[in-house]
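In: sequence unknown, structure follows:
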C-alpha cells in the first residue's frame, strides 16, 4: 500500500455509476486500497441514453474492461430531426456503441471487485474533512469510513449535494427525463435524436437488440398534461418519427423510468477537497449524446491526479485539486458550452426546423457540430 506523510492511503469513492466504478478500477489496479459506497444494488436500470462514443474505448481496454465481451450494438451514424420531422444524417467520426447501464455497470462492478475494490451498499449522509489530510465518511447503517482521498461520483442530484450546500441547487432545475426499453424495428448502427416541442428524444439499440428510448422534456411542458402517456401522445407524437417508433414498439418495462429536477447549471469540480466526477461535476445536454463517455473520461482525469498525489510527496492536495479542475475544464468546458447553445437553439421549434434545413443544404455542418461535442481517443 502507498504511504504519504506517514499516512496509509485509503481512497473512498461515493457513488457506483460509470465515473465511480471506472475510477475505482483505475486506482485499485494501481495498488491503492479503494472503498466504493453505492446506495443501490446491482444490476439495475438507470435513466440514460446508453450510447457511448468510442473515444473512451482505448481507455476501457487499458483498464482491462473491454466492453466487446458484452456484444454491444455498433453505432456509426446519427439521424437528427427537427420537431416538424425534417431530418439530416451524418457518419459519427469515431463511432460508438450501445449498451444498457444494467449490463455495463454490473460488468464494471465485477472488474472493480476483481481488482480488490471493497463495495459497501449504503447511503452516505455526511463527509467531514479534518484538515489533516484525512476524511470521515458517515453512512446510514455502516460505521464511518476514514480515508485520505474522497472522490464524489454521486450523480446528477443527491441529498449529499444539499449537505454540501452546492450553489447549483439555488437555481431552477426545470427538466424531466424519461427512459424505457422497447422491442421494435430500428435500423442497426444508428442513433437518432428527434426533437419535439419542449424537448428531444434519443433512440438507439442496446446489446440485447432492445431499443433504448430516452427523452428530456421541460417540466412546464410536461405539467400541462401531468401524465407520461398523455404527454407522449400529445407532444412527442407531433414529430411523426417518434409517433412511428412508439407506435410500432412494445414496452419491455412495466413502467418507464423517470427522474426530475435535472440541472444543467455549472457545477464546482471540488467540494470540501473532494474531486467530483461524472454528472456530479457537470451534466451535458443529452442533445450532445456524449454524457457516458464524459463520465468515464472524467474518472480517468481524477484517478490520474489522485495517483500523482499519492506517489509524489511534493505534489500536495491543493495542486491535485487545481490540476484536476484545470484538466476537467480543458477536456469538457467547450463541449458544455456547445451543449447549452444547441439546447437553446433546438428548443425553439421554428429555429430548429430552419437549422436542420440549413444543415441539409450544407452537409458538412452536422459532422462539424458532432466534433465539437465529442473528444479525441483517450488512453
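Out: Perfect, thanks for sending it. Quantities reported herein were computed from a predicted structural model and do not represent experimental measurements.

In: who's in contact with residue 210?
Out: When contacts are counted by CB atoms under 8 Å, 6 or more residues apart in numbering, residue 210 touches 100, 181, 182, 183, 252. C-betas here are computed from N, CA, C, even on glycine.

In: the last one: how many residues sit nearby?
Out: Looking back up the chat, that one is residue 252. Neighbour count of residue 252, defined by other CB atoms under 10 Å: 14.

In: for it, which non-adjacent residue is spatially closest?
Out: residue 181 (4.3 Å; CB to CB, 6 or more residues apart in numbering).

In: related to what we said a few turns ago, can you lay out the contacts of residue 210 as TSV showing pLDDT?
Out: Listed next are these as TSV, based on pLDDT from 0 to 100:
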residue	pLDDT
100	98
181	98
182	98
183	98
252	98
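
In: what's the closest of the residues you listed to residue 137?
Out: For the contacts of residue 210, the minimum distance to residue 137 (CB to CB) is 29.7 Å, reached by residue 100.

In: is it true that that closest one touches residue 212?
Out: Yes - the pair residue 100 and residue 212 qualifies as a contact (CB atoms under 8 Å) at a distance of 6.8 Å.

In: what bridges to the residue nearest to residue 252?
Out: Beta-bridge pairing of residue 181 under DSSP bridges involves residue 212.

In: still on that earlier bit, what touches both of residue 100 and residue 212?
Out: Residues touching both residue 100 and residue 212 by CB under 8 Å, 6+ apart: 50, 181, 206.

In: what about the first one, neighbour count?
Out: Counted with other CB under 10 Å, residues neighbouring residue 50 total 31.

In: check what pLDDT it gets.
Out: Per-residue pLDDT puts residue 50 at 95.

In: now do the residue lying closest to residue 136 once chain neighbours are set aside against residue 324, distance only.
Out: Nearest non-adjacent residue to residue 136, counting by CB to CB, 6+ apart: residue 128, 4.5 Å away. In this structure, residue 128 and residue 324 are 21 Å apart, going by CB to CB, to the nearest Å.

In: I'd like the next helix or strand past the longest helix anywhere in the chain.
Out: When the chain is scanned for its longest helix (criterion: DSSP state H), the result is helix 317-346. Going down the chain from helix 317-346, the next helix or strand is helix 349-361, by DSSP states H and E.

In: now that next one: buried residues?
Out: 349, 352, 353, 355, 356, 359 (16 or more other CB atoms under 10 Å).

In: then stretch 198-212?
Out: For stretch 198-212, burial by neighbour count (16+ other CB under 10 Å) applies to 198-208, 210-212.

In: likewise for stretch 268-276?
Out: By neighbour count on 16+ other CB under 10 Å, the buried set for stretch 268-276 is 269, 270, 271, 273, 274, 275, 276.

In: angles on the backbone of residue 96, please.
Out: Torsion angles at residue 96 (phi, psi; degrees, to the nearest 10) stand at phi -170, psi -170.
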